[in-house]
Every structure is written in structure tokens, then in C-alpha cells.
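Asks: turn this into a structure:
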Amino acid sequence: MFIRVVAGGGASDLSFSQLISHLGCYAHAAPQLRRQCGAAQCGPYRELELSLIGVSQRCRTLLCDLECTRTRLAQQSACRERGRPALQYLLTYSQIQVLAWLRDLLGDASARPGGIFWRAMPRSCLRLICGQNSSAHNCTLPTI
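Replies: Okay, here's the model as predicted:
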């Protein structure tokens with residue numbers, strides 16, 4: 001399995017071997033993540049409703065989960081070196097998943113700059129895809 005993502009002029013690859021390289025960090029952090037993140041920290045998980053409201057709620061949950069995971073990985077000695085790449089892998093994977101949901105809802109052609117994709121994208125999803133301080137004006141969507 002191999003996914004190529006291009007964002008902001010750079011490219012990053014999500015490959016199975018990359019995932020495998022992060023498993024030690026994920027496995028070491030898993031007990032703490034189960035106790036302190038997920039539904040305990042970010043609210044109950046619900047089935048994804050494929051609507052703008054449903055995707056917006058899922059993006060809020062993902063943002064919360066990723067922030068909690070970032071904090072916990074930084075605290076794990078086994079993840080000190082590999083924590084940042086492991087978190088980046090999860091973030092990139094989440095961005096690709098959210099883009100797929102939004103394209104299912106809004107259509108792929110709407111992703112042109114100024115198109116409905118940008119105007120209709122929930123703010124929580126925009127933050128997930130473009131970063132905390134970004135807006136649709138200075139964000140490049142990853143290609144799927």
C-alpha cells in the first residue's frame with residue numbers, strides 16, 4: 001500500500017513500511033492513549049454522518065485526538081525520537097481521509113481555488129487540513 005500526498009510544494013509518502021516503523025512508538029503509547037485520549041478526552045464517538053455537519057463533528061474529534069496524541073507521544077520515552085514523525089503520519093492520514101469525505105460530499109471538481117469546496121468546508125476541517133493559523137487563501141489541498 002502506498003499513497004502519495006503533495007501539499008504546499010513538497011511531497012510526503014504514506015507507505016506500509018512507514019506505518020510499520022512507527023508501530024513501536026504507537027504500541028508503547030497505546031495504554032496511555034486509551035486512558036487519556038479518545039472518547040475519555042474528546043467526547044463520544046459516533047458513526048460518521050456523511051453530511052457537512054457530520055464531517056465537521058468528525059474533524060473536531062480528530063483535532064482533539066491528534067492534539068491529545070501529540071501531548072502523550074511527547075511524554076513517552078520510546079517516542080522521543082520517533083514521536084514527531086509518528087504524529088505527522090497520523091495527521092497526513094487524517095487529512096487524506098477528511099478530503100475523501102469532503103470530495104464525496106462536494107465533488108472533486110469543486111476543489112478548485114474559490115470553488116464551493118473551499119466555501120463549504122467546515123472550519124474544523126479547514127484547521128485539520130491547513131493548520132491552526134491557515135485559511136483557504138493560503139492552503140494547498142493534498143492530492144489523493
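Asks: the residue most central in space within the chain sits in which helix or strand?
Replies: If you average the C-alpha coordinates of the chain and look for the closest C-alpha using CA atoms, centre = their mean, you land on S94, 2.7 Å from that point. Element membership of S94 [criterion: DSSP states H and E] is helix 83-106.
Asks: show me what that helix is packed up against.
Replies: In terms of contacts (3 or more CB pairs under 8 Å, 6 or more residues apart in numbering; DSSP states H and E), helix 83-106 is packed against strand 2-7, strand 10-15, helix 16-36, helix 52-75, helix 116-120, helix 123-130. Yep, even glycine has a C-beta here, placed from its N, CA and C like the rest.
Asks: rounded mean pLDDT for the longest one, please.
Replies: Per-residue confidence for helix 52-75 averages out to 92 on the pLDDT scale.
Asks: show me what counts as buried in it.
Replies: By neighbour count, with 16 or more other CB atoms under 10 Å as the criterion, the buried positions of helix 52-75 are 52, 54-66, 68-70, 72-73.
Asks: contacts only, for the closest residue in space to C68 that isn't next to it in sequence.
Replies: Beyond its immediate neighbours in the sequence, the residue positioned closest to C68 (CB to CB, 6 or more residues apart in numbering) is C37, lying 3.8 Å away. By CB atoms under 8 Å, 6 or more residues apart in numbering, C37 lies in contact with 65, 68-69, 72.
Asks: got phi/psi on C37?
Replies: For C37, the backbone dihedrals are phi -120, psi -160 (criterion: degrees, to the nearest 10).
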